[in-house]
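Visitor: build me a model:
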Amino acid sequence: MYWNGHDMNGWGWFTMSISTVLLWALLITVAVLLFRTLNRAPEPPRTPPAASPEQLLAERFARGEIDEEQYRRSLAVLRGDGPTLAKH
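Guide: Residues are numbered from 1 along each chain as shown. Below you'll find the predicted structure:
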């Protein structure tokens, strides 16, 4: 500082003022961003979407738990175009 013998013209004061404002703006911005980053709540773990009844039926058929006839009957019931059980 004081390169010009303790005398600063108008442009020097203007430049120093703008620099000070920009420095404070930068420091405040960094502080806010750091605060937001550190106080961010952790995201809840993502759970896979539940399988549809048709997908569950297809998996049972693929594992061999049910035969093809039972698979087709159950699939028809799920889709609404097959026989339904009568309620007593």
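Visitor: count the neighbours of Arg72 for me.
Guide: Residues lying near Arg72 (other Cβ atoms under 10 Å) number 14. Bear in mind the C-beta positions are built from the backbone N, C-alpha and C, glycine included.
Visitor: actually, Leu57.
Guide: So Leu57, with other Cβ under 10 Å, has 20 neighbours.
Visitor: how near is it to Gly12?
Guide: Counting by Cβ to Cβ, to the nearest Å, the separation of Leu57 from Gly12 is 81 Å.
Visitor: one more: Val30?
Guide: 27 Å.
Visitor: residue closest to the middle of this protein?
Guide: Glu43 (7.4 Å; Cα atoms, centre = their mean).
Visitor: is Ile66 in a helix, a strand, or coil?
Guide: Three-state call for Ile66 (DSSP: H, G, I helix; E, B strand; the rest coil): coil.
Visitor: also Ala58?
Guide: Going by three-state DSSP: Ala58 is helix.
Visitor: check contacts around it.
Guide: Tyr71 (Cβ atoms under 8 Å, 6 or more residues apart in numbering).
Visitor: quick one: it and Ala31, what's the gap?
Guide: Where Ala31 is concerned, Ala58 sits at a distance of 55 Å (Cβ to Cβ).
Visitor: roughly how far is the longest helix along the chain from the heart of the chain?
Guide: Counting residues, the longest helix found in the chain (DSSP state H) is helix 10-38. With Cα atoms, centre = their mean, to the nearest Å as the basis, helix 10-38 stands 31 Å off its chain's centre.
Visitor: Ile66 touches Arg60, doesn't it?
Guide: Yes - counting by Cβ atoms under 8 Å, Ile66 sits close enough to Arg60 to count as a contact (5.2 Å).
Visitor: measure how buried Glu69 is and give me the count.
Guide: By other Cβ under 10 Å, 8 other residues sit near Glu69.
Visitor: that one and Asn9, how far apart?
Guide: 97 Å.
Visitor: try Ser19
Guide: 15 Å.
Visitor: all good on my end, thank you.
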